[in-house]
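# I'll drop the sequence and a predicted model, then ask my questions.
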Amino acid sequence: MEKLFKLQENGTTVKREIVAGITTFLAMAYILIVNPDMLAKAGMDYSAVLLATAVSAAIATLCMAFFANYPIALASGMGLNAYFAFTVCNPETGVDWRVALAAVLVEGIIFIILSLFKFRETLVNTVPANLKFGITTGIGLFITLVGLEGAGVVVNDDSTLVNLGSFADPKLVLAVVGLLIIGILHHFKVKGSILLGILATWLLGIVAQLIGWYQVGDGNASLIPDFSNWTLLPQVKQSTFFAFDFSWVADNIFNFIIIVFSFLFVDIFDTIGTVIGVAEKGNLLDKDGKLPRVGGALMADAVGTVVGACLGTSTVTSYVESSAGVSEGGRTGLTSVTVAVLFLLSIFLWPIFIAIPGFATAPALTFVGLLMVSSVLKMKFDGDIADAVGGFLAIIMMPLTYSIANGIMFGMLAWVILKLCTGKVKDIHPVMWIAFALFALRIASTFVHIGG
């Protein structure tokens with residue numbers, strides 16, 4: 001252990017690292033419940049996604065341990081999975097989930113190339129801060145909408161577009177109670193508050209089923225786990241292993257490029273921000289404020305994304321919940337190894353994960369949305385008009401058009417155009433020009449019927 005992870009040099013012990021790993025796992029294990037539930041809405045097999053989520057998280061986190069020796073865990077990213085399921089595979093687009101997996105694979109390969117040439121750090125520094133924070137905030141609102149809609153708190157309404165669901169629906173009541181439970185646990189700094197909130201909401205749902213308030217049938221499945229047909233691994237009805245479809249790309253090249261770019265763009269800032277934030281909390285930055293072995297950390301993220309795509313899940317990224325383990329003293333890759341082992345062990349409890357309903361994951365989505373929306377506090381609205389309008393459009397267009405890609409597109413297009421109109425063309429980095437051109441082509445394709 002000492003030779004592999006340099007425990008003494010980092011002022012830690014085996015026991016401390018293992019405790020930190022358990023803490024990090026509890027803080028982020030909700031992804032094992034939320035991700036399969038979300039990607040199943042894109043037409044993917046729930047059990048297959050559960051396996052892919054757990055295994056890809058384990059592999060990527062092991063890569064972090066051995067490539068960079070950092071106590072940072074990885075798994076399918078929130079926001080990126082929502083983009084996969086509700087924007088790329090939206091019924092109106094007609095894009096199959098196999099095409100989305102192909103885009104994730106391409107994104108991961110590009111990430112590996114960018115990491116080898118140390119280009120990702122440059123990309124992060126070229127996009128205006130307001131746009132970065134606006135995109136994070138917009139994704140938070142989008143995830144919140146997805147969670148509330150899934151629990152019936154927000155419903156479709158022809159007269160007002162959206163409306164409040166019925167309090168006669170037990171799913172709505174239980175989701176609201178679950179959100180309050182997570183809030184209370186978070187206030188008292190209980191480890192794994194999001195996961196515990198999901199489990200508490202689910203258990204309340206079981207009570208509601210037993211007393212007859214929650215009715216099984218009419219789309220409502222039983223909330224009680226069924227171990228009668230338990231096998232070592234969950235039964236996969238439709239494999240997601242290497243299930244790529246590139247045939248769609250030939251006739252929809254512009255749309256495919258936009259999909260890849262959106263995955264790429266969101267993940268770049270998500271990963272860099274998370275890695276730096278967790279490292280700062282653990283005092284892992286050097287005297288110049290830089291992160292040693294950052295190349296290894298970024299490569300772990302890139303490899304994790306490729307592995308995740310091959311197994312059948314959306315983009316794998318670094319998790320900010322890793323800070324929970326760092327707070328417990330985690331300082332090396334041994335923390336990450338512990339997390340990886342726990343992800344693999346969790347697979348064998350698959351009947352529990354399959355029984356947990358959407359209204360129990362809704363509070364988790366909503367609370368994650370709250371954490372992401374807090375980025376708006378870092379935005380500036382009284383300075384440059386391009387920064388203000390671009391960031392604002394990124395925020396509002398995601399939930400209001402039900403598309404993360406639209407938020408990024410409107411934010412970037414507005415930023416570049418306003419910079420041009422206000423005589424600040426020198427502020428536009430070549431990367432922003434490339435983004436502008438891609439989104440402009442996407443809009444043009446709708447007029448000439450390229451890409452449907």
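Received it, and whenever you're ready, just let me know what you need.

# is it true that residue 174 touches residue 207?
No. With the criterion set as CB atoms under 8 Å, residue 174 and residue 207 do not qualify as a contacting pair; they are 9.6 Å apart. In this view, the C-beta of every residue, glycine as well, is placed from N, C-alpha and C.

# quick one, which of these two is more surrounded?
Counted by other CB atoms under 10 Å, residue 174 and residue 207 do not tie: residue 174 has more neighbours, with 25 against 12.

# how far does the helix or strand hosting the more buried one sit from the chain's center?
Secondary structure from DSSP states H and E places residue 174 in helix 170-187. In terms of CA atoms, centre = their mean, to the nearest Å, the gap separating the centre of helix 170-187 from the centre of its chain is 21 Å.

# Then stretch 196-209?
Between the centre of stretch 196-209 and the centre of its chain there are 24 Å (CA atoms, centre = their mean).

# If you count neighbours, what's buried in it?
Buried residues in stretch 196-209, counted by 16 or more other CB atoms under 10 Å: 196, 197, 198, 199, 200, 201, 202, 204, 205, 206, 208, 209.

# Let me have those residues in a markdown table, adding secondary structure and pLDDT as columns.
Compiled in a markdown table, the buried residues of stretch 196-209 are given as follows (DSSP: H, G, I helix; E, B strand; the rest coil; pLDDT from 0 to 100):
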| residue | secondary structure | pLDDT |
| --- | --- | --- |
| 196 | helix | 91 |
| 197 | helix | 91 |
| 198 | helix | 91 |
| 199 | helix | 92 |
| 200 | helix | 95 |
| 201 | helix | 95 |
| 202 | helix | 95 |
| 204 | helix | 97 |
| 205 | helix | 96 |
| 206 | helix | 97 |
| 208 | helix | 96 |
| 209 | helix | 96 |
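
# Which one of these is nearest to residue 99?
Taking CB to CB as the measure, residue 99 sits nearest to residue 198 out of the buried residues of stretch 196-209, at 30.3 Å.

# quick one, what contacts that closest one?
In this structure, residue 198 makes contact with 30, 33, 178, 356, 360, 361, 363, 364, judged by CB atoms under 8 Å, 6 or more residues apart in numbering.

# now do 7 Å
Contacts were defined as CB atoms under 7 Å, 6 or more residues apart in numbering; by that measure residue 198 touches 30, 33, 356, 360, 361, 364.

# Now the residue nearest to the spatial centre of the chain: closest residue in space that isn't a chain neighbour?
To find the centre residue of the chain, average its C-alpha atoms and take the closest one (CA atoms, centre = their mean): that gives residue 78, at 1.8 Å. The spatial neighbour of residue 78 that comes closest, neighbours along the chain excluded (CB to CB, 6 or more residues apart in numbering), is residue 368 at 5.3 Å.

# name the element that neighbour belongs to?
Taking DSSP H and E as the criterion, residue 368 maps to helix 358-373.

# how big is the angle separating the helix or strand following that helix from helix 358-373?
The first helix or strand that comes after helix 358-373 along the chain, using DSSP H and E, is helix 385-401. Angular relation of helix 385-401 and helix 358-373 on a 0 to 180 degree scale: 180 degrees, by axes from the mean of the first three to the mean of the last three CA atoms, to 10 degrees.

# Which pLDDT value goes with the residue nearest to residue 78?
At residue 368, the predicted lDDT confidence score is 87.

# how about the strands of the stretch 51-200 of the chain, start to end?
With strands called from DSSP state E, counting those that start in this stretch, the stretch 51-200 of the chain shows them at 74-76, 154-157, 161-164.

# Name the strands paired with the last one and say parallel or antiparallel.
Yep, that's strand 161-164 we're talking about. In the sheet, strand 161-164 lines up against strand 154-157 (antiparallel) (DSSP bridges).

# Can you give me the buried ones in the strand it pairs with?
So for strand 154-157, counting by 16+ other CB under 10 Å, buried means residue 154.

# what's in contact with that strand?
Among residues not part of strand 154-157, those counted as contacts by CB under 7 Å, 6+ apart are 145, 148, 162, 163, 165.

# hmm, try it at 6 Å
For strand 154-157, the external contacting residues (CB atoms under 6 Å, 6 or more residues apart in numbering) are 148, 162, 163, 165.

# which intervals of the stretch 251-400 of the chain have sub-threshold pLDDT?
Across the stretch 251-400 of the chain, the stretches falling below the confidence threshold (pLDDT under 70) are 269, 273, 277, 288-290.

# Tell me where it has helices.
When assigned using DSSP state H, counting those that start in this stretch, the helices of the stretch 251-400 of the chain occupy the ranges 253-281, 294-311, 322-327, 333-346, 350-355, 358-373, 385-401.

# Go through those helices and name the closest to residue 58.
Ranking these by distance to residue 58, with CB to CB as the measure, places helix 333-346 first at 4.2 Å.

# got the angle between that closest one and helix 294-311?
10 degrees.

# What residues of helix 333-346 count as buried?
Using 16+ other CB under 10 Å as the burial criterion, the residues of helix 333-346 that qualify are 333, 334, 335, 336, 337, 338, 339, 340, 341, 342, 343, 346.

# Now the second one: closest residue in space that isn't a chain neighbour?
Read it as residue 334. Using CB to CB, 6+ apart and skipping residues adjacent in sequence, the residue nearest residue 334 is residue 17, 3.9 Å away.

# Do I have it right that that neighbour meets residue 333?
No. Applying CB atoms under 6 Å, one finds residue 17 not in contact with residue 333, separated by 8.6 Å.

# All good on my end, thank you.
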